[in-house]
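Engineer: got a sequence here, can you build the structure:
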Amino acid sequence: MTFKKNLFQLVVPVLLGPLFFFGPLPRAAAAEGNKWTGNANVFSGAKALDEHDWTPADEQNEFGFETDFRKRGWPVSIELDFLGAAGSGSAFDPGPGELKMESRTSELNVGIRKTWDGFPHVRPYVGGGLTFAGASAKISGLGTSATDSDRGTGLWLGGGVYWTLGAFNIGFDLRGSSAKVTIFNVDTDAGGGHFGLLLGYHWGGPAERYKAAAPVIAQPQAPAGSYEKDSLELEKQRLEIEKQRLELEREKLEFEKQKLQKQ
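Structural biologist: Presented below is the predicted three-dimensional model:
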């Protein structure tokens, strides 16, 4: 009980602190900041349990769902993940002979995530928080079997990167978790190392945010009356050219007149 109490006292302020600190937004950014953005991804990969306690079923196949969401004005997202894993293996013991072991674990991870979405498509992230884990083991041999299970609370920490193509995500996730449980009177860990691929959906993309927040570049405009002034100047130049043309015509006629007089 003391461990769980200290754990909650340590983590809960970390999870809730940003919401209270960054809750009030300036009115100018409130409309945009109140819009939601997030991800819903499917996770598929592997989980490695404590080799000392879980051999020969310490390597598990893992599948789950990861979700994170936030208002655009928040610096971090709220993250909710559910992961389930299972593995099996056989070992030989000189006494009972070959023993088969099956392991199952599940984790509900609750926490916060920081995503850097300033790139066009690539979004790295880190996250962490609480994990509520369950574990069970089944040992079979000599025609009999025994099963035991337990639950525990601990911590998780991880990160990864995903690429958003349109509204779809593809990427990978790496994390570690720890939650103490007791299986067959042995204190062990229901957490472990997780690695897998992500495939899912992204909504409220940053492209919309950038488009909404992009500064409007004012186009240069001519001063008032500039168009009329330029028109008058062009007309003046046209008249000057016409004047010079007429002057040349007059001189030409004068030259022709003098020529005829000499004849």
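Engineer: so where do the helices sit in the protein?
Structural biologist: For the chain, the helices defined by DSSP state H cover 2-21, 27-33, 51-54, 206-213, 226-262.
Engineer: how far away is the residue nearest to E51 when sequence neighbours are not counted from A91?
Structural biologist: Distances taken as Cβ to Cβ, 6 or more residues apart in numbering put D58 closest to E51, at 4.9 Å, once the chain neighbours are dropped. C-beta: built from backbone N, CA, C; applies to glycine. When distance is defined by Cβ to Cβ, to the nearest Å, D58 is 11 Å away from A91.
Engineer: F255 now?
Structural biologist: 123 Å.
Engineer: give me the more crowded residue out of the two.
Structural biologist: A91 (13 against 9; other Cβ atoms under 10 Å).
Engineer: tell me the spacing between G204 and Y125.
Structural biologist: 16 Å.
Engineer: re earlier: measure the residue nearest to E51 to R104 for me?
Structural biologist: From D58 to R104 the distance is 13 Å (Cβ to Cβ).
Engineer: then F168?
Structural biologist: Taken as Cβ to Cβ, the span from F168 to R104 is 31 Å.
Engineer: repeat for A133
Structural biologist: 11 Å.
Engineer: so which of the two has more stuff around it?
Structural biologist: Taking neighbours as other Cβ under 10 Å, A133 and R104 compare with A133 leading, 26 against 18.
Engineer: so what's the more buried one up against?
Structural biologist: Each residue near A133 by Cβ atoms under 8 Å, 6 or more residues apart in numbering is listed here: 105-108, 151-154, 177, 179, 181, 190-191.
Engineer: who has more neighbours, G204 and Y125?
Structural biologist: Y125 (21 against 17).
Engineer: where's the more buried one relative to L253, distance?
Structural biologist: Y125 is 89 Å from L253, by Cβ to Cβ.
Engineer: do W54 as well
Structural biologist: Taken as Cβ to Cβ, the span from W54 to L253 is 116 Å.
Engineer: who has more neighbours, those two?
Structural biologist: W54 (24 against 10).
Engineer: show me what contacts that one?
Structural biologist: For W54, the contacting residues are 101, 103, 137, 188, by Cβ under 8 Å, 6+ apart.
Engineer: correct me, but the third one touches M101?
Structural biologist: Yes. A137 is in contact with M101 according to Cβ atoms under 8 Å; the separation is 6.4 Å.
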